[in-house]
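> A predicted structure for the sequence below; I have some questions about it.
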Amino acid sequence: GLVTGTGLPNDSVYRLVRPRHLLVATGARERMLPFPGNTLPGVFGAGAFQTLVNRDLVACSRKLLVVGAGNVGLIAAYHALQAGMDVAAVVEFLPAVGGYAVHADKLRRLGVPILTRHTILRAEGDEHVEKAVIAAVEEDGTIVQGSERTLAVDTILIAVGLAEVDEFYRKAVDAGLPVLRAGDAAEIAEASAAMIDGRIAGRQIAKTLRPEGLSTIASPDTEHETILAVLRSKPGATHPWHGLLERGKVEPVFHCLQEIPCNPCTSVCPEGAIATVNDTITGVPYLFKPDSCRACLKCVRICPGLAITLVDSRRDHENPLVTLPWELPTEDLGKDTPVMVVDREGEPLGIFSVTRVLKPSPDYPATSLVQLSLPRELAGRAAGIRPTGRPPTAAIAPTPNPSTTGASAFSNPDISDIEDRSTAVVCRCE
């Protein structure tokens with residue numbers, strides 16, 4: 001059945017439709033966590049938070065905690081930093097970050113702690129979130145003794161995964177309707193995967209409805225299905241970094257060492273000097289024409305993971321000019337500004353002075369470039385700069401609470417009456 005009109009009384013019509021074929025592309029919904037205080041104002045799902053920040057341009061937080069280190073949580077944390085908010089930490093229950101390493105590394109370079117094997121215990125506050133209590137967990141989910149920490153935050157962003165919105169698809173199957181599903185309704189993945197999946201499903205339905213109309217068209221389904229499998233795949237192996245090419249005068253340095261489906265640097269290079277291992281979209285990029293780079297900086301600007309820098313040794317081989325991407329405000333950056341230079345994972349390399357700041361270009365309006373002269377032994381390792389004044393990770397000090405020591409991370413007094421917590425649903429109408 002379909003309801004047409006505005007949905008208001010006297011302006012809606014219920015229509016019974018029998019489709020020749022049905023495609024369900026209803027996307028996904030966010031998962032939420034049941035914990036004490038999760039109904040306080042200031043507890044957001046990542047989707048609502050990103051809508052406010054990215055679409056509505058609302059700075060809805062001063063300092064936030066992100067729960068979940070998949071791509072959604074990592075990207076939301078970075079967007080918060082871009083909007084001028086502070087991120088106290090990202091906590092992840094699993095032993096490793098689930099999102100792409102380049103997204104996690106961007107946060108680490110800015111001094112944001114990513115705490116794996118951690119969970120949120122509760123939110124505290126009178127009329128809104130004022131504090132979040134987190135703790136480390138053992139492999140079996142019990143809380144590590146003495147690991148409880150209290151963070152002063154006004155926002156808790158929950159990014160613990162998505163669930164397929166596939167109820168209508170299942171109802172159609174039960175009713176015997178010819179139906180397909182595509183995108184996140186079929187399998188949670190990146191937006192590009194959903195678009196490819198929709199194209200595959202559309203062609204399948206078109207063949208069913210009018211097979212004679214496609215008889216002369218070569219089917220691209222096999223190629224698309226191969227691409228879809230790649231886009232839905234988990235991050236692959238992480239490769240070692242091999243250092244600078246000593247003979248290179250101008251050289252892009254690739255800090256993206258993990259196999260993920262991303263290769264805009266290969267197409268943007270005007271010299272065609274960048275390729276990926278095995279020429280696949282998931283291959284790690286490398287400079288296969290070492291002497292052809294002309295320092296156009298396009299690869300540095302286009303990389304969505306801010307994982308490409310440029311080392312220019314033409315004027316000074318021992319102290320080359322290093323260009324780093326930067327997507328935060330530049331008001332406090334200028335010639336001779338001292339900054340902390342950090343490596344790929346955010347480890348400090350030293351304090352150095354900025355040589356020059358290049359403003360964003362029309363083609364890449366979000367990315368500025370910061371240039372510094374660095375000793376050669378550091379030039380290839382330098383991956384970013386860190387704002388001054390941010391406290392280090394160690395500043396998040398444990399605040400032991402014996403009442404929770406040894407308890408399970410799933411032992412929650414607010415949901416203790418639920419017999420099967422795996423079926424619990426948290427309703428948060430945002």
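Nice, thanks for sending it over.
> Kindly state the pLDDT recorded for the closest residue to Pro36 other than its chain neighbours?
Excluding the flanking residues, the one nearest Pro36 by CB to CB, 6 or more residues apart in numbering is Arg122, at 4.0 Å. (C-beta placed from N, C-alpha, C; glycine too.) On the pLDDT scale, Arg122 is placed at 95.
> mind listing what Arg122 touches?
Phe35, Pro36, Gly37, Ala132, Val133 (CB atoms under 8 Å, 6 or more residues apart in numbering).
> ok, now how distant is it from Ala175?
From Arg122 over to Ala175 the distance is 44 Å, taken as CB to CB, to the nearest Å.
> Next secondary structure element downstream of the biggest helix by length in the chain?
Longest helix in the chain by number of residues (criterion: DSSP state H): helix 191-209. Per DSSP states H and E, helix 191-209 leads on to helix 221-231 as the next helix or strand towards the C-terminus.
> So which bits of stretch 267-276 are buried?
Val268, Cys269, Ala273, Ile274, Ala275, Thr276 (16 or more other CB atoms under 10 Å).
> so how far is the first residue of it from its last?
11 Å (CA to CA, to the nearest Å).
> For that stretch, what does the pLDDT average out to?
Mean predicted lDDT for stretch 267-276 stands at 94.
> What lies in contact with that stretch?
Stretch 267-276 has contacts (CB under 8 Å, 6+ apart) with 252, 263, 265-266, 282-289, 292-294, 296, 298-299, 302.
> do stretch 36-54 as well
30, 32, 58-61, 68, 72-73, 75-76, 79-80, 83, 121-125, 127-129, 154-159, 412-414, 426, 428, 430.
> measure that stretch end to end?
End to end - CA to CA - stretch 36-54 spans 29 Å.
> Likewise for stretch 108-125?
End residues of stretch 108-125 are separated by 28 Å (CA to CA).
> residue ranges with poor pLDDT in the stretch 151-300 of the chain?
211-220, 245-248 (pLDDT under 70).
> what packs against the longest strand belonging to the chain?
Ranked by residue count and defined by DSSP state E, the top strand of the chain is strand 348-358. Helices and strands touching strand 348-358, by 3 or more CB pairs under 8 Å, 6 or more residues apart in numbering; DSSP states H and E, are strand 321-326, strand 338-342, strand 368-373.
> before we move on, back to that, quick one: which of the contacts of stretch 36-54 sit in strands?
Filtering the contacts of stretch 36-54 for strands - DSSP E - leaves Glu30, Leu121, Arg122, Ala123, Glu124, Thr155, Ile156, Leu157, Ile158.
> Following the chain past the helix or strand hosting Asp174, name the next helix or strand.
Applying DSSP H and E as the criterion places Asp174 in helix 167-175. Sequence-wise, the next helix or strand downstream of helix 167-175 (DSSP H and E) is strand 179-181.
> next one: that following strand to chain centre, how far?
From the chain centre to the centre of strand 179-181 is a distance of 29 Å (CA atoms, centre = their mean, to the nearest Å).
> I'd like to know which elements that strand is packed against.
strand 22-24, helix 167-175, helix 191-209.
> Mean neighbour count and distance to Asp11 for the ones you listed - can I get that in CSV?
As requested, these are exported to CSV (neighbours: other CB atoms under 10 Å; distance: least, CB to CB, whole Å):
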stretch, mean neighbour count, distance to Asp11
strand 22-24, 20, 26
helix 167-175, 14, 24
helix 191-209, 17, 31
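> now those as TSV including distance to Leu372?
TSV is the format used below for the helices and strands packed on strand 179-181 (distance: least, CB to CB, whole Å):
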stretch	distance to Leu372
strand 22-24	52
helix 167-175	54
helix 191-209	34
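> Looking at strand pairing, list the partners for the residue nearest to Pro36.
Counting by DSSP bridges, Arg122 is bridged to Val133.
> The residue nearest to Arg315 when sequence neighbours are not counted bridge partners, please.
Distances taken as CB to CB, 6+ apart put Leu321 closest to Arg315, at 7.0 Å, once the chain neighbours are dropped. Leu321 has these beta-bridge partners by DSSP bridges: Asp312, Ser373.
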